[in-house]
Structure formats: C-alpha cells, structure tokens
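> pasted the sequence and its predicted model underneath.
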Amino acid sequence: MRLINLFKSLTLTSQVQIIRLSSDYAPKALRSLKAKSTRNTVQYYVDSYRVRAVGGSGGDGCISFLSAWCKDHAGPDGGDGGNGGHVIFQATYSCKSLNHCKSVVQAQHGEKGYNKDCCGKNAQHVVVPVPLGTIIRDASGRVVGDLSSEGVMFVAARGGSGGRGNKFFLTDTEQAPSVAELGAVGETNVYTLEVRSMAHIGLIGFPNAGKSTLLRALTRARPTVAPYPFTTLRPHIGMVPYDDYEQVAIADLPGLIPGSHKNYGLGIQFLQHAERCRGLIYLLDATNDPLTQYNTLSYELQQYNANFTNRRACIVINKIDLDEGKRVYEDIKKSMNVIGISAKTGLNLSELLRVVREMYDGEER
C-alpha cells in the first residue's frame with residue numbers, strides 16, 4: 001500500500017509540473033488545440049455588393065361615415081393610413097462581410113385606415129447590418145454614405161407616408177366629404193456597397209509568399225493553400241485571440257503584382273481593403289529576392305494611396321526553415337529591421353504575434 005500511494009503521489013506531482021511548464025511557456029495565442037472542422041462550410045468574404053432598396057408604400061386613407069343609434073348621419077369617421085417602412089443600412093462591429101445581403105431589400109407597406117377614426121399601423125423599418133467602414137455609392141458611382149463608426153445609419157429608401165381619411169377633409173361647408181388620399185409610393189434606389197475596413201491587420205505580399213499558410217497558422221481560418229499563384233481569389237479573414245480576451249482581425253489579401261495600382265491582376269479591387277487597416281504586414285518570400293518584392297509592394301501602395309507611407313507596418317521574411325531562406329534572412333536583418341518566421345513549421349510566430357498586438361494597440365515599434 002505504501003508503494004502504491006508513493007507511486008500515485010509521484011504521478012500527480014509530475015502531472016502538476018507538466019501543467020505548470022505548459023502554462024508558463026506555451027503561448028496561448030499561437031495555435032489552438034481544438035481540431036479544425038472538416039466540414040466544407042467555408043464562407044467567402046464578400047467585399048462589394050449591389051443592392052436595390054425599395055421603401056414600403058403608405059396605407060390608403062379610409063372613406064367611412066358613422067351611423068350611431070341616436071344619429072343616423074353622424075359624419076365622416078375614416079382614419080388615416082399608416083406610413084411605409086424605411087430601408088436602413090447600419091454599421092456594426094458584429095458584421096464582418098456582405099455575404100448576408102440580398103440583391104433586393106423590400107420594406108413592408110403601411111396598413112390602410114379603418115372606420116371609427118382608426119388609423120392604420122406604421123410598418124417596421126428594415127435595418128440591414130453592414131461592417132464598419134462600408135462605403136455606399138449611388139447608381140452614378142458617387143459616394144453618398146460612409147459608415148465609419150458603430151451605430152451610424154444611412155436611410156437607403158424612405159417609405160411613403162400614409163394617406164389621410166375623409167375625416168381630415170371635414171370643413172364647415174363640406175360636412176360629408178367622400179374623398180380620401182392614397183398612400184404615397186416608397187422610394188426605390190440602387191446602391192453599391194463597398195467594404196474598406198475589413199480587418200485590423202492586412203497581409204500584403206506577392207503570390208505564393210505564404211500569406212494563406214500564415215493565416216492558417218495564426219487563426220482558425222481555412223484559406224486554400226496550393227503551390228500555384230493566385231490561389232486566393234477572395235479575401236479571407238481570421239481572428240487572433242489574446243490572453244486578455246482581445247481579438248485582432250487579420251486579413252489575407254490576394255497577391256499583388258507589379259502594376260496593381262493600374263488594376264493589373266486583381267488590382268484595385270483588393271488594394272482598397274488596406275486603406276483603413278491599423279497596420280500592414282509585408283510578407284516576403286525569402287527564396288525569391290525579398291528586397292525586390294518589398295520595393296515593388298511599397299511602390300504599388302504609394303501609387304495607389306500616398307498615405308500608406310505613414311501606416312504602421314512590419315517586414316516579415318517567410319520560409320526561413322529552408323537553408324536558402326535562412327541565409328537570405330541573416331543577410332537582410334543586418335541592414336533592415338525584419339522578423340524571420342516559418343509559417344509552415346510555426347517558427348518564431350510568437351514574436352510576430354507580439355508585434356501584431358503592438359500595431360493593434362497603436363504603439364510604435
């Protein structure tokens with residue numbers, strides 16, 4: 001019995017030591033221990049959508065005359081119709097994409113008026129949540145709305161007002177009006193929604209630089225990884241959880257090529273996403289002349305928007321697990337402040353996560 005109790009105590013002690021070591025040295029924000037889902041439920045990020053907003057029509061006024069037991073001709077008692085609903089776009093933190101939007105958003109119509117001076121019920125407004133940073137353009141391409149903060153609303157289509165019943169038209173000379181108003185027709189407008197603030201940190205790099213692999217390593221997102229260029233045709237976004245329950249959104253943008261500011265390749269369609277990111281990560285392939293890649297990326301961003309020069313950024317050299325990549329990284333870090341990682345093996349990702357948090361908090365490196 002003593003030997004058994006001694007063995008149990010030693011086993012518990014070793015378990016406690018293992019747990020203590022794992023909690024002290026394992027970065028919680030690096031990789032999740034929970035297995036990723038095997039279901040094919042990937043939802044692509046929709047950054048641009050064309051919507052036709054139709055406001056509800058107002059209810060018609062009522063023509064009615066009251067007949068009481070003590071007075072057969074008691075006068076008009078037709079009520080007014082209810083107002084139609086508006087179509088409203090509202091910015092919210094809980095929405096990250098436009099994949100929930102419908103091509104036609106129709107608000108309900110107002111209820112018609114009734115006798116005995118009963119007015120129709122007003123229709124409920126249709127509120128469509130959109131991500132923060134959504135820009136709204138009209139049919140001519142003019143920017144008519146910029147939803148850049150939480151709770152900001154844009155009335156896309158106003159509902160029609162309800163018609164007045166014949167009680168409204170009662171005058172001294174007209175005691176029995178037999179006329180009422182029809183409800184006004186709601187507005188119909190066509191808009192183009194564009195999301196320009198999709199994430200806190202944006203991954204910028206050439207095709208096959210390892211952006212999708214890095215996003216898979218840092219988050220639970222599942223972008224396609226393949227050994228050919230332009231595997232990412234749509235932006236993917238992933239969330240990095242930190243120990244203080246703060247979450248940082250990182251976006252995997254499709255690869256840029258020379259001439260992207262002229263809309264070559266995937267071009268301006270995805271360059272606009274980097275405009276409002278708090279920070280940028282230049283992800284460079286260590287096996288494919290990373291200095292030339294960095295100069296090309298910097299030039300394309302400056303040509304698209306000169307304000308990118310004032311944006312917080314860090315330079316990351318990927319694929320240092322290879323001999324050639326490690327040698328190139330050792331040479332570059334002598335003249336530049338860079339971070340060397342391996343997205344495939346997870347090498348030095350904890351240092352990158354620290355820098356990402358600094359950019360998110362607004363600290364200068």
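Arrived safely. Numbering: from 1, shown residues only.

> what residues are up against residue 147?
Contact partners of residue 147, counting by C-beta atoms under 8 Å, 6 or more residues apart in numbering, are 89, 90, 91, 130, 132, 133, 134, 135, 136, 153, 154. C-betas here are computed from N, CA, C, even on glycine.

> ok, of the residues you listed, which come out buried?
Buried by 16 or more other C-beta atoms under 10 Å: 89, 90, 91, 130, 132, 133, 134, 135, 136, 154, out of the contacts of residue 147.

> rewinding a little: which one of the contacts of residue 147 is nearest to residue 166?
Nearest to residue 166 among those: residue 153, at 36.0 Å, using C-beta to C-beta.

> quick check: residue 160 touching residue 84?
Yes: with contact defined as C-beta atoms under 8 Å, residue 160 reaches residue 84; the gap is 4.5 Å.

> neighbour count winner among those two?
Set residue 160 next to residue 84 and count neighbours by other C-beta atoms under 10 Å: residue 84 wins out with 30 against 24.

> so the more buried one is in contact with residue 60, correct?
No: counting by C-beta under 8 Å, residue 60 is not a contact partner of residue 84; they are 11.6 Å apart.

> which residues do those two both contact?
Common neighbours of residue 84 and residue 60 (C-beta under 8 Å, 6+ apart) are 162, 183.

> quick check: which element contains residue 151?
When elements are assigned from DSSP states H and E, residue 151 belongs to no helix and no strand.

> quick check, it in contact with residue 92.
Yes: contact criterion C-beta under 8 Å: residue 151 and residue 92 qualify, at 7.3 Å.

> higher neighbour count, those two?
The residue with more neighbours, out of residue 151 and residue 92, is residue 92; 15 against 10, by other C-beta under 10 Å.

> measure the more buried one to residue 142 for me?
Per C-beta to C-beta, to the nearest Å, residue 92 is found 25 Å from residue 142.

> before we move on, what about residue 337?
For residue 337, the distance to residue 142 - C-beta to C-beta - is 42 Å.

> between residue 160 and residue 84, which contacts overlap?
55, 56, 57, 58, 110, 183, 184, 186.

> of those, which pair is most distant in space?
Pairwise over the shared contacts of residue 160 and residue 84, using C-beta to C-beta, the maximum falls at 55 and 183, 11.5 Å.

> tell me which residues touch residue 149, please.
By C-beta under 8 Å, 6+ apart, residue 149 lies in contact with 91, 132.

> secondary structure class for it?
coil (DSSP: H, G, I helix; E, B strand; the rest coil).

> ok, the one 10 residues further on next?
Using three-state DSSP, the three-state assignment for residue 159 comes out as coil.

> ok, now residue 212?
Classification of residue 212 using three-state DSSP returns helix.

> sorry, back to before: so which of the contacts of residue 147 is the closest to residue 76?
residue 153 (38.6 Å).

> ok, back up a step: pLDDT, distance to residue 48 and secondary structure added to the contacts of residue 147, as a markdown table?
Below are the contacts of residue 147 laid out as a markdown table (pLDDT from 0 to 100; distance: C-beta to C-beta, whole Å; DSSP: H, G, I helix; E, B strand; the rest coil):
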| residue | pLDDT | distance to residue 48 | secondary structure |
| --- | --- | --- | --- |
| 89 | 95 | 14 | strand |
| 90 | 94 | 19 | strand |
| 91 | 92 | 16 | strand |
| 130 | 92 | 12 | strand |
| 132 | 84 | 16 | coil |
| 133 | 80 | 13 | coil |
| 134 | 88 | 10 | strand |
| 135 | 89 | 10 | strand |
| 136 | 92 | 11 | strand |
| 153 | 94 | 21 | strand |
| 154 | 95 | 16 | strand |
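
> fine by me, thanks again.
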